[in-house]
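Student: what's the 3D shape of this:
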Amino acid sequence: MSATWTAVGQIGIVVLVLAAAHKPLGDYMFGVMTSTRHLAVERAGYRVMRVDPDAEQRWSTYLLSLLGFSLASVLLLFGLGRLQDRLPLGIGMTPLDPAGAWNTAVSFVTNTNWQWYSGEAAIGHLMQMAGLAVQNFLSAAVGLAVVAALARGFARSGTDGRVGNFWADLVRGTVRILLPLAFVAALVLVAGGVIQNLNAPTEITTLAGGTQSVLGGPVASQEAIKQLGTNGGGFFNANSAHPFENPTPWTSAFAVVLMLLIPFTLPRLFGRMVGDRRQGWAILAAMSTLWVTAVGLLTWAEMAGPGLAPAAAGGAMEGKEVRFGEAASALFAASTTMTSTGAVNSTHDSLTAPGGGVALLGMLLGEVSPGGVGSGLVGMVVLIIVAVFLAGLMVGRTPEYLGKKIGRQEITLVALYVLTMPAVVLIGSAVAISTPAGLAGQLQGGPHGLSEVVYAFASAGNNNGSAFGGLTSGTPFYTTLLGLAMLIGRFVPIALVLALAGRLAHQRTTPEGAGTLPTHTPLFVGLLVTVTLVVVGLTFVPVLSLGPVVESLS
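Tutor: Below you'll find the model as predicted:
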């Protein structure tokens, strides 16, 4: 009973903190993304980039700016990986091989932060700070920019498809939102015992008389934006299970708050930008329903410990840190897979079969509950359009949302968005399990081996970055194929959403009438949750049945 109340208490504290921050942070972000003035440091950045932040861009120009910026980021990060042995603060690290440098560059630029390497054995301090940590900020800011552009598409009426200025959105999201929050979070983490220095590896003498190399580094500063920006890449191979990254139970709970903070606040930003706060509350309710359900199921699975080994050991503690226990590990695992964070404070490969299935399903939902910074809200709005379209078909009316009619071209863009991630996951998994190079990476065969592969492509295609640790992914086959999955899973949906935003901005807003479907009621929230589950169920039930379900039954 005490363990149950501990789990409930942890979840309750996280919910209370998020509820307290929702309104003030949401209103602050609304003010940032709709501001007409520029800070001095922002103006200096615009001069360096030689851009006019007040020039409105059509959706196509907005997209080209985003893609060009991301391409430049990939090339820069690739260069840092290949040249890190010749750069300051390399601390003796060798260059990354071309396939590994490609995978790492794509991973961090796409907000995935998939890591095929051990951070303490492969990456120097300069690349950690100037490469990986910087991309943690910028990739999250790109997500914020796409949210702002989509909201403007709904809010504007009869324009020529202009959805804002990418450079202004990028800079404001970084300078005014992510940097201040990450700075405060880093100070809290340092106070909690997370290390922050520039030390090279130090040789120490152990109690047994041997020697051990202990690596220092700028951990707290990267840990803060890793969680806040729903990035997830760890400074150390053990990620948030490492005591230098996550030393105590309360820092673990604080990390959960950070990864959920912005995704659960973005609905208020969206509601205010489209001029109807009720829409934000409806989105928040749908996200919260799915998240609470996932946390409850995964916590039950790990605390009940289905299976012979957990029953004999008195609990499912394999792969978990004793200082956290099952409840905190389950809360972390559910939150990191329901967002696109991908950080771990336990080994997901050691989760119970139903627990691993819940974590996998959280990603396969499209990570919309609440999802990553920007990507979660965008995915939920797309599913709202699907729900509105289905409801319109049932009553014989032209579907509309926020005064914008959903016609053939709009629903085509939405359908392509919905199909992109499943295509990436299922095709990538099929290639991996049907080729010798793909099969060679599996630690186990059977249903668990299938789950390892599907989890990897679900993580890459949804830009999550977590993994079933049993899969050997540091091979040219997996680094190349997963890198392609990350690129497609990130930029194809962004392109489709910006095209949708441009079409919506071009439309004239239609006033609500007697036949308009209310999209802010509990009934619609129930419909939205159902559509989310059904869309996933029809797509992924077969592969889930062959993996986690079969493993659970066995």
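Student: which element is residue 511 on?
Tutor: With secondary structure defined by DSSP states H and E, residue 511 is part of neither a helix nor a strand.
Student: who are the neighbours in contact with the nearest residue to it once chain neighbours are set aside?
Tutor: Leaving aside its sequence neighbours, residue 511 sits nearest to residue 403 (CB to CB, 6 or more residues apart in numbering; 6.9 Å). To be clear about C-beta, it is placed using only N, CA and C from the backbone, and glycine gets the same treatment. Contacts for residue 403 (CB atoms under 8 Å, 6 or more residues apart in numbering) come out as 154, 157, 509-512.
Student: Any chance of a ChimeraX selection covering the buried ones in these?
Tutor: Of these, the buried ones can be selected in ChimeraX as follows, counting by 16 or more other CB atoms under 10 Å:
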select :154,509
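Student: Using JSON lines, lay out the contacts of residue 403 together with distance to residue 355.
Tutor: Below are those laid out as JSON lines (distance: CB to CB, whole Å):
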{"residue": "154", "distance to residue 355": "38"}
{"residue": "157", "distance to residue 355": "47"}
{"residue": "509", "distance to residue 355": "46"}
{"residue": "510", "distance to residue 355": "46"}
{"residue": "511", "distance to residue 355": "49"}
{"residue": "512", "distance to residue 355": "44"}
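Student: just the contacts of residue 403 now: which is nearest residue 358?
Tutor: Checking these against residue 358 by CB to CB gives residue 154 as the nearest, at 32.8 Å.
Student: Surely the closest one touches residue 402?
Tutor: Yes. Using CB atoms under 8 Å, residue 154 makes contact with residue 402 at a distance of 4.6 Å.
Student: if I look at the two, which residues touch both of them?
Tutor: residue 274.
Student: For residue 486, give me the backbone phi and psi.
Tutor: phi -60, psi -40 (degrees, to the nearest 10).
Student: Tell me, how many residues neighbour it?
Tutor: 28 (other CB atoms under 10 Å).
Student: list the contacts for it?
Tutor: Residues near residue 486 by CB under 8 Å, 6+ apart: 106-107, 110, 112, 114, 460-461, 463.
Student: of all these, which comes closest to residue 552?
Tutor: residue 461 (23.5 Å).
Student: list the contacts for that closest one?
Tutor: Contacts for residue 461 (CB under 8 Å, 6+ apart) come out as 421, 424-425, 428, 485-486, 488-489.
Student: Could you tell me which of those belong to strands?
Tutor: The members of those all map outside strands under DSSP state E.
Student: which one of those residues is nearest residue 144?
Tutor: Relative to residue 144, the closest of these is residue 489; by CB to CB it sits at 18.4 Å.
Student: how far away is the nearest residue to the closest one once chain neighbours are set aside from residue 482?
Tutor: Excluding the flanking residues, the one nearest residue 489 by CB to CB, 6+ apart is residue 461, at 3.9 Å. Distance of residue 461 to residue 482, computed by CB to CB, to the nearest Å: 9 Å.
Student: again, but for residue 192
Tutor: Counting by CB to CB - residue 192 and residue 482 are separated by 33 Å.
Student: In terms of neighbours, single out the busier of the two.
Tutor: Under the criterion of other CB under 10 Å, the comparison of residue 192 against residue 482 puts residue 482 first, with 25 against 16.
Student: any idea which element that one lies in?
Tutor: Element membership for residue 482 (DSSP H and E) is helix 476-506.
Student: Number of residues surrounding the closest residue to residue 174 other than its chain neighbours?
Tutor: The shortest distance from residue 174 to any residue other than its chain neighbours is 4.4 Å, reached at residue 141 (CB to CB, 6+ apart). Using other CB under 10 Å, residue 141 has 23 other residues around it.
Student: residues in contact with residue 141?
Tutor: 169-171, 173-174, 177-178.
Student: Make sure it is indeed in a helix.
Tutor: Yes. Residue 141 sits within a helix when classified using DSSP: H, G, I helix; E, B strand; the rest coil.
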